[in-house]
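A.B. asks: The sequence and its predicted three-dimensional model are supplied below.
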Amino acid sequence: MTVAEERIERLEELAAEAAREGNEERAKDYVRLARRIAERHRLRLPRSFVRFTCDACDRYLVPGKNARVRLQDGHVVVTCECGHQARYPY
Ligand SMILES: [Zn+2]
């Protein structure tokens, strides 16, 4: 694992922690920073990161708190507080 990958992983943990503690703005900062590092190093973000972050507003998503998760036609539909929806097959 490279240093950049480790930083991204750490930032994901920090974002999750901040979001769970209700510190959404700080969580967004971690999410944005992780995205920037991935971009700069041309790394793919971990699947868990992609699933639990909003593409539109960079929120770290906590189902039941700032995100709604529904099953629909073989997809998981995650709706962020900002209204953005992401769909993943399962
Ligand atoms: Zn959002």
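C.D. replies: Happy to help now that I have it.
A.B. asks: Please count neighbours and contacts with C-alpha atoms only from this point.
C.D. replies: OK.
A.B. asks: Kindly report the residues of this protein close to the ion.
C.D. replies: 54, 56-57, 80, 82 (C-alpha under 5 Å from the ion).
A.B. asks: Make a PyMOL selection of the buried ones in these.
C.D. replies: Those of the residues of the chain next to the ion that count as buried under 16 or more other C-alpha atoms under 10 Å are selected in PyMOL with:
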select buried, resi 54+80
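A.B. asks: Of the residues of the chain next to the ion, which belong to strands?
C.D. replies: Those of the residues of the chain next to the ion mapping onto strands are Cys80, per DSSP state E.
A.B. asks: And the residues of the chain next to the ion, which is closest to Gly74?
C.D. replies: Proximity of the residues of the chain next to the ion to Gly74 (C-alpha to C-alpha) peaks at Cys80, which lies at 19.3 Å.
A.B. asks: correct me, but that closest one touches Tyr60?
C.D. replies: No: Cys80 lies out of contact with Tyr60 (C-alpha atoms under 8 Å); the separation is 9.3 Å.
A.B. asks: what's the overlap in contacts for those two?
C.D. replies: By C-alpha atoms under 8 Å, 6 or more residues apart in numbering, Cys80 and Tyr60 have these common neighbours: Cys54.
A.B. asks: Does the residue nearest to the spatial centre of the chain have any beta-bridge partners, and if so which?
C.D. replies: When C-alpha atoms, centre = their mean is applied to the chain, the residue found nearest the centroid is Thr53 (1.9 Å). In this entry, Thr53 is beta-bridged to Tyr60, by DSSP bridges.
A.B. asks: Give me the helices and strands touching the host helix or strand of Glu13, please.
C.D. replies: For Glu13, the enclosing helix or strand under DSSP states H and E is helix 3-20. The contact analysis (3 or more C-alpha pairs under 8 Å, 6 or more residues apart in numbering; DSSP states H and E) places helix 3-20 against helix 24-40.
A.B. asks: With just CA atoms, put whatever helix or strand comes next after the helix it packs on into PDB.
C.D. replies: The element immediately downstream of helix 24-40 (helix or strand, assigned by DSSP H and E) is helix 47-51. Extracted in PDB, the C-alpha atoms of helix 47-51 (Å, rounded to 0.1, in the frame of the first residue of the first chain):
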ATOM      1  CA  ARG A  47     -15.500   1.100  -2.800                       C
ATOM      2  CA  SER A  48     -16.500   1.900   0.700                       C
ATOM      3  CA  PHE A  49     -15.500   5.500   0.200                       C
ATOM      4  CA  VAL A  50     -17.500   5.700  -3.000                       C
ATOM      5  CA  ARG A  51     -20.600   4.200  -1.300                       C
END
